[in-house]
Every structure is written in C-alpha cells, then in structure tokens.
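1. test case, fold it:
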Amino acid sequence: MTDQAISGTVAEPAVEAHDVEAVNTRAKEQGMPLYVAHKKVHPKAVTGNFRTLKWLIMAVTLSIYYLTPWIRWDRGAHAPDQAVLIDMANRRFYFFFIEIWPQEFFYVAGLLVMAGVGLFLVTSVVGRAWCGYACPQTVWTDLFLHVERFFEGDRNAQIKLAAAPMSFDKLRKLVMKHAVFLLISVATGGAWIFYFADAPTLLRDFVTLNALPIAYATVAVLTATTYVLGALMREQVCIYMCPWPRIQAAMLDEDSLVVTYNDWRGEPRTRGAKKAAAAGISSGDCVDCNACVAVCPTGIDIRNGQQLECITCALCIDACDNVMDKLHRERGLISYTTLRDYNHNMAVAQNPATKAIEPGRIRDASGRFHDVVRHFDWKIFIRPRTLIYMAAWSAIGLGMLIALTGRDRLEINVLHDRNPIFVKLSDGSIRNGYTVKLLNMIPEPRVIQLSLAGLPGATMTINGIAEEGTVMVGIPVEPDKLRSLKVFVTQAAPNVKSEPVKFRLIAKDSQSNETDVYEAIFEGPAK
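-> Now for the predicted structure:
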C-alpha cells in the first residue's frame, strides 16, 4: 500500500487489510526482496490508554520477578521461610502455604496445562495480547526502550544520533545506555538464582565469592541472553525466533479481537482534508501522518493489514486516537476489531461495482456513522470456543484445587525383600522382610504409629526400635523427612498358609488422625 499522495491530496485506495495474497503480489511487483537487511527500529513515545496499561503490566510483572524471592513466609522452625522457593537439594517446591514434593509434580504439570489453555483462551478473544503486554521479551524490550529514550531522546533524536559521526557526546550516551542495559541484565540473571536458595544467604555468598560455580554460570548466561535478546535483537526475536505468531492463526476465528486499521473509514487517505473538500474529492479519516508507524515497536505499518510482525501492543491505537482527538473526529480509526465486523463494514463502505471505498456510504450528511455500521459488542466474548476454553480451564483448576486441599500429608510405602522371599525359623514360624518408608510431609516432627492388621498370629520386629514382636509401635519422624525402616513380619506356624496372603501395614498420626494404609503380601512355603 503506497503512502504517496495522488495530486498532492488523496492517496490511492488501500489494499484490503485481510487480502494477504494481494499484499504479497504487490510486494513482488515492486521488486521487494524476500530477505532484507535489518534496520534498527526507533519507536516514538506515545501516551494513551494502552500505553498506561502497558506501564501497569510492566510494573507488576517486573516487581513480581525481582521482589518475589525476598518475600518471607513463616512455616515454622523446621522449614525455610522464603515464600517462593525451588529447593533442589531437598527436592521441594514451596509456594507460600503450598509445599510440593517430587511425587506431586503433577500439580506443576497441571499449572502448565492451565497456562496453555489460558493462552488459547486469551488468544481466541483478543489475539496476541500475551505478546503485546506480558511476554518477558516484550516487557524487557519495553524497559530497554525507555532507558534508550532517557539517554538518547525520542525517535527523531535517536535517528539523528545514529546518523551522526562518532563524537565524545555520542560515545558518552552509548556507553551510559549500554552500561544500564548490562546492569538490568545482571539484575535479571541474579534475580533468577534467588528462587533456588535462600535469597539473603545466597546474595551474601555471591558477593563474597563463596557461592557455588553454578550460580555464577547461571547469572552469566541469563545476563548474556537478556542483553542480547532485549537490548540488541528486540523485535527480531518476535519476528524470526518466536513460534507463536506462526501458530496463533489456529486460535483465532472471525470473532477474535485483533488490532486493525479500519480502512473502510480511513480511505481514501488525505493530508489536506480542506483542499480535498474544496476540490470536491471525498476522503477518509486517515491523514497519512504515519503516527501509527512511528510508535510501532516492530516497525510495521498496520495499514498494510494483519501481519506476522504485529504483536498487538495497541500503541498504534493510542497514536491514532491522539491524532483523531486533535482533528475532532471519532476515535477508532485503528482499533481492536473482529474480522466479522471488519468485513461487514467493508461491504457497506465499498461501491459494489467498483469496489472503491466511498466515505459517503458509511456516514450521513452530518458526518455521523450510519446505524448499519458495526461497532464493538462485548457479547463476542461469549461464544462456543471461548466457553469451551473457559470450561476446560476452570475444570482443570477446580480439580487441582480439590486434590490440593484434600491431599494427605502422611504416606507409607512398602517394598518386600526379594532375596530371600521368606525365612523359616527354628520353631516353624515364617518371617518376611520389608523396607518400610514413612513420609512426614509437614514441617513439624511427629510420632507415627505403625501397625499391622489382617494377618492372624503375626507380629513385627523393627531393627533398633522394637526388637520384641509387636503389632504396633510409635516411630518418630523428623519434619519434612522420609524415614526408612527395616521391618520383619513373623507369623506363627499354625497360621501360615501356602498361598500368598494380603495384609495391611497402617501408618497413623494419633494427633491429627491422619492415616495411610499399604496393602502388602506375606509369602509362605508351598505345601
């Protein structure tokens, strides 16, 4: 789509925003290469509702990332007090009042599934909102852009500085800018390692060079990746490296909201509305000011239709709305719009014979839109696809919540000795050996009563705890620990059967009445 004005007043009609084939054909006709050299993008600062939203999301996400390891959470004297901690040494994951053990990793898998379904839900409703607002690449790139503006000025000043020959002032600005980039990158890499150990202790060890080598290696790698991806590559990560823009189409439908240039009201473009009116030439609302192009962080022209490079950050909406306000025209020339509404309004605005957009077909004599023109309707959020995604997301979350609140914090596991399977004692009784593991999954010590049931005439002996035959014994277990015991179960000769017999080993906490039962097998000689 050309930006050149025709006769100094009106630009040629836009290529239909969703006609990808037409856009590609025009690109080939103009001899545009398939691969082009990278040109640094200098986005212009903008104000507006979506910019404010991005500021808010940036502040929240960065605060969560950098500050979370320093939040304390009292779990008692026998557990770490860091609110969020991935304790690799003890194989624990702590998240405030939740503690996840290795065998409960399915909760983490469930969260990942919820995140995936949630991403599908958000994309089906508002397109690449994740990319435009909350993706780490977007957040850190946005942060680096603001640092760059602080040292080099806004778009025009940056372009002028980039074209200027090297001087002391230019070198000073570049050095200070990249020094701050590196500080942010180091802070980003450093914050990550604090999730895996007590943050204050690790910080002291790190500064005094007493931390483990893996800590320094991790910070170095994350510093390098943050600097390269956020400070240098920026939009190239979104365009060339990220797979999401290439698969998001499967998540969209005709009722998904995407950032769209509404050429049905913007075309034909004009840079001189008064001159066009005086010449009797009708024109649209677009004044071809390129404000939407100047603020785009990926450097695209949204007026060329939907493009892979668009991350739907909506800054072009803010820029265009600001221009419309100055011209005393309705906002929404660029807006979040569904394909269904766009196609409907295009059909209204186009002349059926010539397919040319005629502004008079969508407005009355007073300049107001005709009632037939469609605008945003919140009811598009309620449709089968979104309801299915929401139901799936809610079901997974509810199932995990029920499982989490109802889970036991006491477990018993039993492993039968394989060699020998049984031993015949001198009095004819039969003895089986077992390795019994008692798992105390709370941060407090407790005494667990171990008993056996369902095996007539049987007693048990536990090395170092109960040398005499008994059917119940109290076993102390440390907080958040697993205790392994060697248990021998002996059955008197008159009660021994030739076939394997099932019986129960019961672990019970008498204070909380929490109980776990394991059904074991007692082996005897074949008769």
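
2. tell me who's in contact with the nearest residue to Tyr227 once chain neighbours are set aside.
-> In space, and not counting its chain neighbours, Tyr227 is closest to Ser185: 4.2 Å by Cβ to Cβ, 6 or more residues apart in numbering. C-beta: built from backbone N, CA, C; applies to glycine. Listed by Cβ atoms under 8 Å, 6 or more residues apart in numbering, the contact partners of Ser185 are Leu222, Thr223, Ala224, Thr226, Tyr227, Gly230, Ala231.

3. pull the distance from the helix or strand where Ser185 lies to the chain's centre.
-> Ser185 is located in helix 168-193, with elements delineated by DSSP states H and E. Remark: helix 168-193 is offset 26 Å from the chain centroid, using Cα atoms, centre = their mean, to the nearest Å.

4. list the buried ones in it?
-> Within helix 168-193, the residues that count as buried by 16 or more other Cβ atoms under 10 Å are 173, 177-178, 180-181, 184-193.

5. and of the contacts of Ser185, the nearest to Ile448?
-> Comparing the contacts of Ser185 against Ile448 with Cβ to Cβ picks out Leu222 as the nearest, at 42.7 Å.

6. what comes into contact with the host helix or strand of the closest one?
-> Taking DSSP H and E as the criterion, the element that holds Leu222 is helix 213-226. With contact meaning Cβ under 8 Å, 6+ apart, helix 213-226 is reached by 140, 182, 184-186, 188-190, 192-193, 197, 202, 205-206.

7. biggest separation within the residues you listed, which pair?
-> Largest separation among the contacts of helix 213-226 by Cβ to Cβ: Trp140 and Asp205, giving 26.5 Å.

8. these two - which one has more neighbours?
-> More neighbours surround Trp140 than the other of Trp140 and Asp205, with 23 against 15 (other Cβ atoms under 10 Å).

9. how about the more buried one, nearest residue that isn't a chain neighbour?
-> Nearest one to Trp140, counting by Cβ to Cβ, 6+ apart, is Gly230 at 4.0 Å.

10. same thing with Pro443?
-> Ala79 (3.4 Å).

11. quick one, phi psi at the one you found?
-> Backbone torsions of Ala79, given as degrees, to the nearest 10, read phi -140, psi 150.

12. before we move on, what about Met346?
-> Torsion angles, degrees, to the nearest 10, at Met346: phi -60, psi -40.

13. tally of neighbours for it?
-> 19.

14. you'd agree it is up against Arg265?
-> No - here Met346 lies out of contact with Arg265, judged by Cβ atoms under 8 Å, at a distance of 10.0 Å.

15. now the helices for the stretch 51-200 of the chain?
-> Using DSSP state H, counting those that start in this stretch, the helices of the stretch 51-200 of the chain run over residues 106-126, 129, 136-152, 155-163, 168-193, 199-207.

16. tabulate these (TSV), appending mean pLDDT and distance to Leu455.
-> Below are the helices of the stretch 51-200 of the chain laid out as TSV (pLDDT from 0 to 100; distance: least, Cβ to Cβ, whole Å):
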stretch	mean pLDDT	distance to Leu455
helix 106-126	92	33
helix 129	91	61
helix 136-152	96	58
helix 155-163	94	81
helix 168-193	96	52
helix 199-207	95	50
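
17. mind putting the ones you listed into JSON lines with distance to Asn351?
-> Output for these, formatted as JSON lines (distance: least, Cβ to Cβ, whole Å):
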{"stretch": "helix 106-126", "distance to Asn351": "32"}
{"stretch": "helix 129", "distance to Asn351": "35"}
{"stretch": "helix 136-152", "distance to Asn351": "41"}
{"stretch": "helix 155-163", "distance to Asn351": "38"}
{"stretch": "helix 168-193", "distance to Asn351": "52"}
{"stretch": "helix 199-207", "distance to Asn351": "66"}
